[in-house]
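**Q** okay, predicted coordinates and the sequence, questions at the end:
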Amino acid sequence: MTQGTCGGGSPRWAIDLKDPNSKNTQFLLVYFDTQHEPFGGCNAGTQQEMNIIGNASPATAGWFIGNANAPTTYSAVSAAYGTWKVQDVEVIVDAGWAQGSQINPNIQQVLLQKMQINNKTYFPLPH
């Protein structure tokens, strides 16, 4: 977070899936930080986002299927959608309204410097 904090459900990953055996699609939301906050939660400033798939600690990310109001685990998502193909991955930042900074009110900004999906790195850090 370069400005603001996680709040109001933002920022979050949005992952679009497609069943390879039909035209069925599904979307998943994965909130930054932990499922201890109903819809994410993190402090301002530089931080390392967890591995949202492999992290088995109590801070494991909450996965939401479609418009579900309760999080599920990666294991449950993998069991239900493990053969589906990833169509798109996005980061949604839309909670400026939840920011209370007096210096920069209503600003929420995320800087992504590196993202890895299936061992492929996107947005590599500058050398």
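**A** Now that the structure is in, tell me what you want to look at. Numbering: from 1, shown residues only.

**Q** point out where this structure drops to low pLDDT.
**A** Filtered on pLDDT under 70, the chain yields the residue ranges 33-61, 100-104, 118, 124-127.

**Q** going along the chain, name the strands of it.
**A** For the chain, strands defined by DSSP state E occupy the ranges 12-18, 25-31, 63-65, 85-92, 115-117, 120-122.

**Q** can you give me the helices for this structure?
**A** Counting by DSSP state H, the chain has helices at residues 74-81.

**Q** and the strands of the chain as TSV, adding distance to T5 and mean neighbour count?
**A** To be clear about C-beta, it is placed using only N, CA and C from the backbone, and glycine gets the same treatment. Converted to TSV, those look like this (distance: least, C-beta to C-beta, whole Å; neighbours: other C-beta atoms under 10 Å):
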stretch	distance to T5	mean neighbour count
strand 12-18	14	18
strand 25-31	13	18
strand 63-65	20	20
strand 85-92	15	12
strand 115-117	20	12
strand 120-122	24	9
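
**Q** quick check: end-to-end length of stretch 66-73?
**A** 14 Å (C-alpha to C-alpha, to the nearest Å).

**Q** now the strands of the chain in CSV, with distance to S75?
**A** Shown next, in CSV, are the strands of the chain (distance: least, C-beta to C-beta, whole Å):
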stretch, distance to S75
strand 12-18, 16
strand 25-31, 13
strand 63-65, 9
strand 85-92, 18
strand 115-117, 19
strand 120-122, 23
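
**Q** and V77, which of those is closest to it?
**A** Of all the strands of the chain, it is strand 63-65 that lies closest to V77, at 4.9 Å by C-beta to C-beta.

**Q** any idea how far E90 is from the residue nearest to W13 when sequence neighbours are not counted?
**A** Nearest non-adjacent residue to W13, counting by C-beta to C-beta, 6 or more residues apart in numbering: V30, 4.2 Å away. Using C-beta to C-beta, to the nearest Å, V30 is found at 11 Å from E90.
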